[in-house]
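Undergrad: Give me a model of this one.
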Amino acid sequence: MARRKRKPATRFIVAAVALAGLAALGWVGYRHFDRQQAPIKVSAERVDPANEGRRVQVSGRLAVGSAPRDADMDIDVNAAVLVRKVEMFQWRERCEHGAACTYETAWSSQRIDSSGFREPQGHENPPMRLVDAHFAGADLKLGAFAADPELVAAQVPLADHPVHSADLPPNLAATFADANGALYAGGDASHPRVGEVKVSYRIAPLGEAVLRGVQHGNRLTAE
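TA: Numbers count the residues shown, from 1 in each chain. Reported below is the predicted structural model:
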């Protein structure tokens with residue numbers, strides 16, 4: 001009986017492909033492991049290409065090309081990020097199992113849907129015309145690095161930013177009044193009524209900062 005000829009070339013190719021696959025998986029695993037490690041501290045003065053894809057910690061001076069602006073309220077501030085918080089005084093329902101529901105009022109930054117209340121009549125919450133929002137300055141820089149606004153907002157400690165109705169344009173100044181550094185739309189801020197709104201702000205300030213992220217080119221990102 002004739003013996004079957006071996007195919008060494010085919011086996012070599014299969015083995016080479018398998019080894020290449022294992023090498024690729026090993027590289028992916030290494031990069032994943034590398035990203036889980038503590039970030040390496042680097043200078044903010046220059047971007048080192050050797051750190052591409054690695055987690056780094058950069059200390060430097062945070063700067064912005066143009067200030068963030070809340071166009072709805074016509075408010076801008078010299079900061080990296082401007083954070084708007086909107087709260088509305090609303091009805092809230094509490095229902096105990098097997099007992100009647102009770103209704104109370106409270107401040108909430110999320111609209112409470114009163115249409116699903118067991119007793120909606122007399123406990124209606126109006127829609128919110130203004131909601132929470134983040135506004136980032138353009139061209140955020142930490143030394144030689146371009147910083148993603150999400151990274152800045154998450155890692156730079158936020159500070160309260162008092163606002164005053166006198167700083168608003170006339171049409172908004174007629175609607176809002178001062179309330180301990182916030183803006184209040186309604187009657188007496190010490191005795192709020194359902195549907196009345198207050199708006200407050202916080203900022204991620206400019207100046208010395210420390211950011212940790214992944215280096216992609218000259219950008220510093222979360223991943």
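Undergrad: for the protein, which strand is longest?
TA: Secondary structure of the chain per DSSP state E: the longest strand is strand 81-95.
Undergrad: Mind listing residues that contact whichever helix or strand comes after it?
TA: Following strand 81-95 in sequence order, the next helix or strand is strand 101-108 (DSSP states H and E). Outside strand 101-108, the residues that touch it by C-beta atoms under 8 Å, 6 or more residues apart in numbering are 87-95, 117-119, 123, 192, 194, 198. Just so you know, the C-beta spots here come from the backbone N, C-alpha and C atoms, and that holds for glycine as well.
Undergrad: Please identify which of the residues you listed is nearest to Leu168.
TA: When the contacts of strand 101-108 are compared for distance to Leu168 (C-beta to C-beta), Lys198 wins out at 14.0 Å.
Undergrad: Give the helix, strand or coil label for the closest one.
TA: strand (DSSP: H, G, I helix; E, B strand; the rest coil).
Undergrad: so it makes contact with Ala185?
TA: Yes: taking C-beta atoms under 8 Å as the definition, Lys198 is a contact partner of Ala185 at 7.4 Å.
Undergrad: Next, the most centrally placed residue in the chain: phi, psi?
TA: In the chain, the residue lying closest to the centroid (C-alpha atoms, centre = their mean) is Glu150, at 4.9 Å. With angles defined as degrees, to the nearest 10, Glu150 sits at phi -60, psi -40.
Undergrad: excluding its backbone neighbours, what's nearest it?
TA: Ala222 (6.1 Å; C-beta to C-beta, 6 or more residues apart in numbering).
Undergrad: how many neighbours does the one you found have?
TA: 11 (other C-beta atoms under 10 Å).
Undergrad: most surrounded residue in the contacts of strand 101-108?
TA: Neighbour counts for the contacts of strand 101-108 peak at Met88, which has 26 neighbours (criterion: other C-beta under 10 Å).
Undergrad: Wait, it touches Gly195, no?
TA: Yes: checked against C-beta under 8 Å, the pair Met88 and Gly195 is within contact range at 6.7 Å.
Undergrad: For Trp56, pull up the helix or strand it's in.
TA: No, residue 56 isn't Trp; it's Val. Counting by DSSP H and E, Val56 is found in strand 55-63.
Undergrad: Okay, buried residues for that strand please.
TA: Arg55, Val56, Val58, Gly60, Leu62, Ala63 (16 or more other C-beta atoms under 10 Å).
Undergrad: I'd like the residues you listed laid out as a markdown table, including distance to Pro127.
TA: Shown next, in a markdown table, are these (distance: C-beta to C-beta, whole Å):
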| residue | distance to Pro127 |
| --- | --- |
| Arg55 | 43 |
| Val56 | 45 |
| Val58 | 43 |
| Gly60 | 44 |
| Leu62 | 37 |
| Ala63 | 39 |
